[in-house]
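Undergrad: coordinates for the following, if possible.
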Amino acid sequence: MYTASFLPHIFMYAASYVSSIFVPVIGWVLPIVTFAFMLQYMESDDIS
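TA: Model prediction:
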């Protein structure tokens, strides 16, 4: 069994729920922010 004695106790359990946080962030939040920025950039009058 792997024991990370140099890490605080709370970080040993962090890997169990990290994917539950990053999957919605990468799948929903990042594309929404990216497409919103692209739409604002393309619709602006002064691109250059």
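Undergrad: for the chain, which spans come out with low pLDDT?
TA: 1-14, 47-48 (pLDDT under 70).
Undergrad: let's see that with 90 instead.
TA: 1-22, 45-48 (pLDDT under 90).
Undergrad: check which residues of whichever helix in the chain runs longest are buried.
TA: Longest helix in the chain, counting residues (DSSP state H): helix 30-43. Buried positions in helix 30-43, judged by neighbour count with 16 or more other CB atoms under 10 Å: none. Any C-beta I mention is one placed from the backbone N, CA and C, and that applies to glycine too.
Undergrad: renumber starting at 833 from here on
TA: In the new count, where the first residue is 833, that last one comes out as helix 862-875.
Undergrad: and that helix, C-alpha only, in PDB?
TA: What follows is helix 862-875, C-alpha atoms only, in PDB (Å, rounded to 0.1, in the frame of the first residue of the first chain):
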ATOM      1  CA  LEU A 862     -14.300  25.700 -20.500                       C
ATOM      2  CA  PRO A 863     -16.300  25.400 -23.800                       C
ATOM      3  CA  ILE A 864     -18.900  28.000 -22.600                       C
ATOM      4  CA  VAL A 865     -16.200  30.500 -21.600                       C
ATOM      5  CA  THR A 866     -14.300  29.800 -24.900                       C
ATOM      6  CA  PHE A 867     -17.300  30.200 -27.100                       C
ATOM      7  CA  ALA A 868     -18.500  33.200 -25.300                       C
ATOM      8  CA  PHE A 869     -15.100  34.900 -25.800                       C
ATOM      9  CA  MET A 870     -15.000  33.900 -29.400                       C
ATOM     10  CA  LEU A 871     -18.500  35.200 -30.100                       C
ATOM     11  CA  GLN A 872     -17.700  38.500 -28.400                       C
ATOM     12  CA  TYR A 873     -14.500  38.700 -30.400                       C
ATOM     13  CA  MET A 874     -16.100  37.900 -33.700                       C
ATOM     14  CA  GLU A 875     -19.100  40.300 -33.200                       C
END
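Undergrad: same for that helix, what does it pack against?
TA: For helix 862-875, not one helix or strand is in contact under the criterion 3 or more CB pairs under 8 Å, 6 or more residues apart in numbering; DSSP states H and E.
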